[in-house]
Structure formats: C-alpha cells, structure tokens
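# Using only what follows, build the 3D model:
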Amino acid sequence: MLHIRLIALGNLKERYWREALAEYEKRLGAFAKLDIVELKEYRVAESPTPAEIDLALDREADAVLAHIPPRSFTVALCVEGGQLSSEELAETLSQVMREQGSLTLIIGSSHGLSPRVKKAAHLRLSVSKLTFPHQMMRVLLLETVYRSLSILQGSKYHK
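Residues are numbered from 1 along each chain as shown. Now for the predicted structure:
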C-alpha cells in the first residue's frame, strides 16, 4: 500500500475545509495510508522585505526537510512546476508505488517554498496556472491524488 505524507505550512481554520479534507482522507484510505503534517508558517511583517521573506522560507525549509521520510518520492507544489494530466499523474504514482512505496507532497506557505525544498524534490508540480488559497490547495491536491489512484484501479470516478 502506498504511504502518502502531505506536508503543509499553516493549518485549516475553517470547518468546511477540514470537512472536505476529511472526505478525501476517507476516500484515499482505500488506496493508501495518508499522514498529514501541519507545520507552523513563519510569520513576517505586513509588508516584508525580500530578505525577511527569504529568512522565513529558509526557516520553513528546515522544518519541511526534517519531515520528509527517507527514500520517499517528493513532490513540491510550486508555480514554476510542470503540469500533468490526471492520467500522467496516475502513471507517476504507479511508478512511485512500484519503486519507492512512499510519496511526500509539499505545500508551502503564502510566500511559496524555499529553493532548498524545491531542489530536494523529485518533481516540481503546478496544479494550475491559477492561484488558489493554500487551504483549498490541500483539498484539491488530495482530490487529484485520489482521482489518479482511481484511474489506476479502473474506477468509474474518473469519468
């Protein structure tokens, strides 16, 4: 069974996001073991300088990198990442299941991810050219993974 770790900076405050996330956690249980790690977002001033943002990203990177399991296939969500279709992601997940058995998905803070985290990732993924709230991205990402695993199982969910 695939082990998935979702590392996310910040937490879900609104009940409706927590409920949506719980629904996909439940659905994913048929295909994978899911572990969600919420890390504290490093706070910066209202209008931070580039140096303050870099410092925040660097501190967040320390926490993120410490939570990546050894030998896990790591995916960093970032705007400059490549885009995959559901079928292409399904094929990637199939390969991960055969070769590593462990997948780590990383969602950064409102300022993104440190270059160190991006460099450590096996895949940089952009879900869309659009910008989404980080809370929504958690739900969207788990739905995307669920859809891809459903494709691998031949489920009608994808249709």
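
# Pull up the pairing partners for the longest strand seen in the chain, direction included.
For the chain, the strand with the greatest residue count under DSSP state E is strand 73-82. Here strand 73-82 is paired, per DSSP bridges, with strand 102-107 (parallel), strand 123-125 (parallel).

# Check those strands for me and report the most buried one.
strand 102-107 (a mean of 24; mean count of other CB atoms under 10 Å). Placement of C-beta: from N, CA and C, glycine included.

# in whichever helix or strand comes after it, what's buried?
Per DSSP states H and E, the first helix or strand lying C-terminal to strand 102-107 is helix 115-120. Within helix 115-120, the residues that count as buried by 16 or more other CB atoms under 10 Å are 117-118, 120.

# Find out how far the longest strand of the chain is from the centre of the chain, if you would.
In this view, strand 73-82 has its centroid 8 Å away from the chain centroid, taken as CA atoms, centre = their mean, to the nearest Å.

# Quick one: residues in contact with that strand.
68, 96, 99-100, 102-108, 112-113, 117-118, 120-127, 131, 137, 141 (CB atoms under 8 Å, 6 or more residues apart in numbering).

# Go through the longest helix out of those in the chain and flag the buried ones.
Longest among the helix segments of the chain by residue count, using DSSP state H, is helix 134-153. For helix 134-153, the neighbour count (16+ other CB under 10 Å) marks 134-135, 137-152 as buried.
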